[in-house]
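Trainee: prediction below, plus the sequence it came from.
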Amino acid sequence: MAISPQFLDEIRNRLSLSDMIGRRIKVTRAGREFKACCPFHHEKTPSFTINDDKQFYHCFGCGAHGDVLKFVMEHDNLPFREAVEMLASEAGLQMPKEDPRAIEKAEKAKTLYDVMDGVAQWLQGQLAQPANHYVMEYLTGRGLSPETLAHFRVGYAPNNGGALVAYLKEQKVTLADMQALGLVKVSQKTGEPYAFFRDRVMFPVTDKRGRVIAFGGRILPDHLREPDRGDFKPPKYLNSPDTPLFDKGRVLYGEDKARKAARDGRPILVTEGYMDVIACHQAGFDGAVAPMGTALTEGQIESLWKMIPASLKEPILCFDGDRAGKQAAGRAAERIVPMLIPGHSARFSFLPDGEDPDSMIAGGGKQSFQNLLDRALPLVDYIWGQHIEGKALKTPEERAAIVSALKEKIAQIPDPEVQRHYKALIDEKVSKAFFGHYERRGNQSRNARARGNGAPRSGVAVRPKMPFFNDLYDKILLAALINHPSLFDDIEEHAAKLRFATSEITALKEFVVQTLCGDPDISRDELCEKLSVAGYEKEKGDILNEKLYVHAAFAAPVSDSHDADLGTIKTKWLEIWDAMQAKNAQKQQAQHWKTQV
């Protein structure tokens, strides 16, 4: 039965917002309002205001805003109806009477939750059995601590298909409920029920309130499980079917734990599977979640955005670096683009080939995975890279096809303001990639400021005046800059003036300068990766090659950046630059005298 707006208004009128919030966090009076440190994001200076007269709260830090009902729902992690019931009790109001059938349905759901919780406990008990020690050894051998396994309530479903059925019968659970919850199936041969999950590591799936609503099961490695019968190969992962409690298209594994991490200001990241989520949480990435064995749905994307209290909601989507991972990323982008509104997007991160978060953290430690997340691509950059990857971009027809496809993609964005900014950024990328320059947007770059008052105004495409150039020397200097990005702070103004015989290499140079302006601490490997993603793989190969290093060994990369003698490299770089300028000056002077004759 729906709750009337009049009843909700009566609750708001009877309760003091500052009192209800003050029971949960420390608040202090500030004139006619109250202030507090926001409970929805981490802050040291109070930016959370409470106004009893207007019956709303607002955080100027993260944008959280609402009334007493929304606060209780968000802070106490309660669904709408339970929050209303709790507040009605506080206000001394009786809840409106419900249809008896609705009450019966709610009671039935409560019973089903109890059944699922009991099954989760039983599965945990099976994992702890001495006879199943090899399963626990397998899990701890993968780096998961007993505390982490207990935190996620990981269990084991024995190969005996009748064991779970016997337990459920002892608990007086009907066969109809067992089937409705996806726990058992009935044999077509014997008519006897048997467990849906057998000989699998079990992961309870919980809702936003932490209640068990489904299970996921992973098969054991070949050397730990019984041989397959005949040609049958069981799936690696098996999930509960949709049930009265579980809609796999709306649920994210680990969401109840990730919501708290998001409120504390930690990033939300989406991984592929249960083991990845658990490994991430154990390593401190406790904003990790995973979809239920399917591509991200619109409902799951909305859940990700709702989890993040900050005004910019950008979960990081972490994909495998193989072909399947790239296809999954493409499907995710297709879902997200038509949903874009201001402040809502996603970033894309790709793992090295053959790695997943679990193996990457185990092999390279927490920092290696953090570095990967720090390099996550904004959605607009991913879309650009997706359209130009593997393209030569040489002919007008190919360029026109790419521009047309990008326009179609941008047209899917429903919000006109977001669409306008996407168009502007894509136009800038097209200009840079196809015509060898980029437009300076907003304030002047650091290079422009360094040139003083005579610098061109912002928004004008800049092509430095240098009528004579030696393409080989320019390539040497650009190669040295790519291989040793730390040089940039000292040679920034010179680097912007490098000239090349082709627009493609010029575009690559402009991309390098732009990237280093925005991230002067980037490493060589990170810079090369960005060049590849941006579609400069061929041009990068033309610059970074052994034939060029024969002419200038100082420009070559070193195995360890700490071994590079940057002082010597800088000196040689500037020597070549000065020689080029002197030669150009001589040519310009000679040309001047010819015109006078």
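Mentor: Alright, I've got the coordinates.
Trainee: what is the subsequent helix or strand relative to the lowest-mean-pLDDT helix or strand in the chain?
Mentor: Averaged element by element with mean pLDDT, DSSP states H and E, the chain has its least confident helix or strand at helix 446-450 (a mean of 41). Counting by DSSP states H and E, the element after helix 446-450 in chain order, helix or strand, is helix 471-483.
Trainee: report the contact partners of the closest residue to F48 other than its chain neighbours.
Mentor: The shortest distance from F48 to any residue that is not its chain neighbour, by CB to CB, 6 or more residues apart in numbering, is 4.0 Å, and that residue is C38. Quick note: C-beta positions are derived from backbone N, CA and C, even for glycine. Remark: with contacts taken as CB atoms under 8 Å, 6 or more residues apart in numbering, C38 is in contact with 46-48, 59, 61-62, 64, 309.
Trainee: make sure C38 is indeed in a strand.
Mentor: No - note on C38: no strand contains this position according to DSSP: H, G, I helix; E, B strand; the rest coil, which reports coil.
Trainee: roughly how far does it sit from G61?
Mentor: Note on C38: its distance to G61, by CB to CB, to the nearest Å, is 6 Å.
Trainee: one more: T45?
Mentor: Using CB to CB, we find T45 at a distance of 8 Å from G61.
Trainee: who has more neighbours, these two?
Mentor: Neighbours around T45 and G61, counted as other CB atoms under 10 Å, are more numerous at G61. The numbers are 18 against 8.
Trainee: backbone phi and psi for the more buried one, please?
Mentor: Here is the backbone geometry of G61 (degrees, to the nearest 10): phi -90, psi -50.
Trainee: with D256 instead?
Mentor: For D256, the backbone dihedrals (degrees, to the nearest 10) come out as phi -60, psi -30.
Trainee: quick check: it touching G210?
Mentor: Yes - counting by CB atoms under 8 Å, G210 is a contact partner of D256 at 4.5 Å.
Trainee: who's more crowded, those two?
Mentor: Each of D256 and G210 has its neighbours counted (other CB under 10 Å); D256 has more, 17 against 14.
Trainee: do you know how far that one is from K306?
Mentor: The spacing between D256 and K306, counted by CB to CB, is 13 Å.
Trainee: got it, and V418?
Mentor: Relative to K306, and taking CB to CB, V418 is found at 18 Å.
Trainee: looking at these two, which one has more neighbours?
Mentor: Neighbours per residue (other CB under 10 Å) separate V418 from K306, with V418 holding more: 18 against 14.
Trainee: how about the residue nearest the centre of the chain: what's its closest non-neighbour residue?
Mentor: In the chain, the C-alpha nearest the mean C-alpha coordinate belongs to I316, at 0.5 Å (CA atoms, centre = their mean). Leaving aside its chain neighbours, I316 sits nearest to L269 (4.3 Å; criterion: CB to CB, 6+ apart).
Trainee: low-confidence ranges in the chain?
Mentor: Using pLDDT under 70 as the threshold, the predicted model of the chain has low-confidence ranges 1-2, 98-110, 223, 225-232, 436-470, 559-564, 585-597.
Trainee: thanks again, I'm all set now.
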